[in-house]
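Engineer: Below is the structure, and that's it, no one-letter string:
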């Protein structure tokens, strides 16, 4: 799969961790990119709250369960994941990165919040 502008900004930031301008450029690119958020089901009506698909990963180092909402920067990447994850097309919402990263959706279990990681 070809690198996207978000991939390129991330690689530049990771190659130069002390460069604040590159870090800011990555987060600006993230905020400006349309991201595809995987959902548990299609919203019932326009404006209905979105229910992100939450993956729970057992973190053996901390003895915690980490929870992740998955976002993709292309529909193609989401489709590839969906085919491997549930062997089916999955519902998603296309939202600006600034909306997704600025929100903290509640997880369905234990009322905890999700973290967005790159």
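Structural biologist: Received, thanks. Note that the structure is a prediction, hence the values are computed from the model and not measured. Residues are numbered from 1 along each chain as shown.
Engineer: Tell me how far residue 53 lies from residue 25.
Structural biologist: 29 Å (Cβ to Cβ, to the nearest Å). Using the backbone N, CA and C atoms, a C-beta is placed for each residue, glycine as well.
Engineer: In terms of neighbours, single out the busier of these two.
Structural biologist: Of the pair residue 53 and residue 25, residue 53 is the one with more neighbours under other Cβ atoms under 10 Å, namely 19 against 16.
Engineer: tell me the contacts of the more buried one?
Structural biologist: Listed by Cβ atoms under 8 Å, 6 or more residues apart in numbering, the contact set of residue 53 reads 38-40, 69-70, 90.
Engineer: Would you mind checking the residues you listed for buried ones?
Structural biologist: 38-39, 69-70, 90 (16 or more other Cβ atoms under 10 Å).
Engineer: tell me the mean pLDDT over the top helix by length along the chain?
Structural biologist: Assignment by DSSP state H gives helix 20-32 as the longest helix of the chain. The predicted model gives helix 20-32 an average pLDDT of 95.
Engineer: List the buried residues of that helix.
Structural biologist: In helix 20-32, counting by 16+ other Cβ under 10 Å, buried: 22-23, 25-27, 29-30.
Engineer: same deal with stretch 82-95?
Structural biologist: So stretch 82-95, judged by 16+ other Cβ under 10 Å, has buried residues 82, 90, 92-93, 95.
Engineer: for stretch 40-51, same thing?
Structural biologist: 50-51.
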